[in-house]
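Chemist: Predicted model follows, preceded by the sequence.
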Amino acid sequence: MFDSILSSPWYAYVLLPLFIFVGRIIDVGMGTVRMIFTTRGLKHIAPVISFFEILIWLLVIKQIFSDITNPITYIAYAGGFATGTYIGIRIEEKLSVGKVMVRIITGRDSTSMIKKLKDEKYRFTVAPGKGSEGDVSIILSIVERKEAHEIINIIKEFNPDAFYTIEDLRFVHEHPAPNNKNKIFDIFKGIRKGK
């Protein structure tokens, strides 16, 4: 009975490609998340993910070699790879792990924006700078990735013309700051905050 199922066209052209497609989605999705975790310094999670990622890949590749003349399995393999990459990126967006640095550069008076950041208990550093069109203020803040959109909303509300960037951070040395929303150290010691 089982041998007849394995030798049927239904298995070769539907079930086997479906298994390969789903397997590739899972292993590539895991691989994408693993790489993102690795670049963000989450080195204890990445090896666990890689173990299951390669185990699933071996099961999938074994199925490809079991019927190497079946072109549908190649399409399923490639389709699963593409879909797994997309799903891995979407999972990473939902997880929002790690910390980011938000860098804001503005030539306008940023007093109201700084006050709002302070009211919301964000920690930041303000430094003077020189731009191509004159003096600017540089505001640096390190936050959890999932909180970055809140700072962007503050920028858009108080200074929509400000230039800003968001950068992933691999490592942040923190010191306790129990009264603040983000327990992150000041980036430049000696520069007065909230200027």
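Modeler: Here it is on my side, so go on. Numbering: from 1, shown residues only.

Chemist: what about the strands in this protein?
Modeler: Counting by DSSP state E, one finds strands in the chain at the ranges 99-106, 125-131, 134-144, 163-169.

Chemist: Does the first one pack against any helices or strands, and if so which?
Modeler: If you count contacts as 3 or more Cβ pairs under 8 Å, 6 or more residues apart in numbering; DSSP states H and E, strand 99-106 packs onto strand 134-144, helix 148-158, strand 163-169. C-beta coordinates here come from the backbone N, C-alpha and C atoms, glycine included.

Chemist: any idea which of these is most buried?
Modeler: Highest mean neighbour count of the helices and strands packed on strand 99-106: strand 134-144, a mean of 18 (counted as mean count of other Cβ atoms under 10 Å).

Chemist: Show me how far it is from its chain's centre.
Modeler: The chain centroid and the centroid of strand 134-144 are separated by 22 Å under Cα atoms, centre = their mean, to the nearest Å.

Chemist: quick one: contacts of it?
Modeler: Strand 134-144 is contacted from outside by 96, 98-107, 110, 113-114, 117, 122-130, 150-151, 169, 172, 182, 184-185, 187-188, using Cβ atoms under 8 Å, 6 or more residues apart in numbering.

Chemist: which of the residues you listed are buried?
Modeler: Using 16 or more other Cβ atoms under 10 Å as the burial test, the contacts of strand 134-144 include 98-102, 104-107, 110, 113-114, 117, 122-126, 151, 182, 184, 187 as buried.

Chemist: Reformat the helices and strands packed on strand 99-106 as a markdown table; add distance to residue 81 and mean pLDDT.
Modeler: Shown next, in a markdown table, are those (distance: least, Cβ to Cβ, whole Å; pLDDT from 0 to 100):
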| stretch | distance to residue 81 | mean pLDDT |
| --- | --- | --- |
| strand 134-144 | 31 | 90 |
| helix 148-158 | 30 | 91 |
| strand 163-169 | 24 | 87 |
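
Chemist: mind showing which ranges of this structure have poor pLDDT?
Modeler: Scanning the chain for pLDDT under 70 picks out the ranges 1-7, 96, 174-195.

Chemist: tell me, what residue is most central in it?
Modeler: Computing the C-alpha centroid of the chain and ranking residues by Cα atoms, centre = their mean puts residue 92 first, at 4.7 Å.

Chemist: isn't that residue right up against residue 33?
Modeler: Yes - if you go by Cβ atoms under 8 Å, residue 92 and residue 33 touch, sitting 5.8 Å apart.

Chemist: what separates residue 32 from residue 56, distance-wise?
Modeler: As judged by Cβ to Cβ, to the nearest Å, residue 32 and residue 56 stand 13 Å apart.

Chemist: meant to ask about residue 106, not that
Modeler: To residue 56, residue 106 is 48 Å away according to Cβ to Cβ.
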